[in-house]
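Peer 1: just coords:
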């Protein structure tokens, strides 16, 4: 969730794994699409969804960097041997 100053609390998103964040994001989207919530509840859900999307993006960017590094290694090894 967000603090009064708009920052994301570490407990709310910092410790979530990719799968946890993704699953919670799916549930947030489902609730928003279902409707029946107040404007305030919808805004809170949307804000939480944005936080969760950032967590997912962070994990995916890290995975991409690891894949890129792993793919670059065999080429370096081939050049040396």
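Peer 2: In hand now; what should we look at? Remember, predicted model here, so these are calculated numbers, not experimental data.
Peer 1: quick check: which element contains the residue nearest to residue 25 when sequence neighbours are not counted?
Peer 2: Distance criterion C-beta to C-beta, 6 or more residues apart in numbering; nearest residue to residue 25, sequence neighbours excluded, is residue 52 at 4.1 Å. Every C-beta, even on glycine, is put in place using the N, C-alpha and C of the backbone. Assigned by DSSP states H and E, residue 52 belongs to helix 39-80.
Peer 1: residue 16 too?
Peer 2: Using DSSP H and E, residue 16 falls outside every helix and strand.
Peer 1: just checking, it touches residue 54?
Peer 2: No - using C-beta atoms under 8 Å as the test, residue 16 is too far from residue 54 to be in contact (10.5 Å).
Peer 1: the two: which has the busier surroundings?
Peer 2: Neighbour totals were compared for residue 16 and residue 54, and residue 16 leads with 20 against 13 (other C-beta atoms under 10 Å).
Peer 1: residues contacting the helix or strand harbouring residue 30, please?
Peer 2: Taking DSSP H and E as the definition, one finds residue 30 inside helix 18-34. Defining contact as C-beta atoms under 8 Å, 6 or more residues apart in numbering, one finds that helix 18-34 is touched by 13, 16, 37, 42, 45-46, 48-49, 52-53, 55-56, 59-60.
Peer 1: average pLDDT across that helix?
Peer 2: Summarised as a single mean, pLDDT over helix 18-34 is 98.
Peer 1: and the angle for it with helix 39-80?
Peer 2: 140 degrees (axes from the mean of the first three to the mean of the last three C-alpha atoms, to 10 degrees).
Peer 1: buried set for helix 18-34?
Peer 2: 21, 22, 24, 25, 28, 31 (16 or more other C-beta atoms under 10 Å).
Peer 1: then stretch 36-50?
Peer 2: Buried-residue list, stretch 36-50, by 16+ other C-beta under 10 Å: 45, 48, 49.
Peer 1: appreciated, that's everything.
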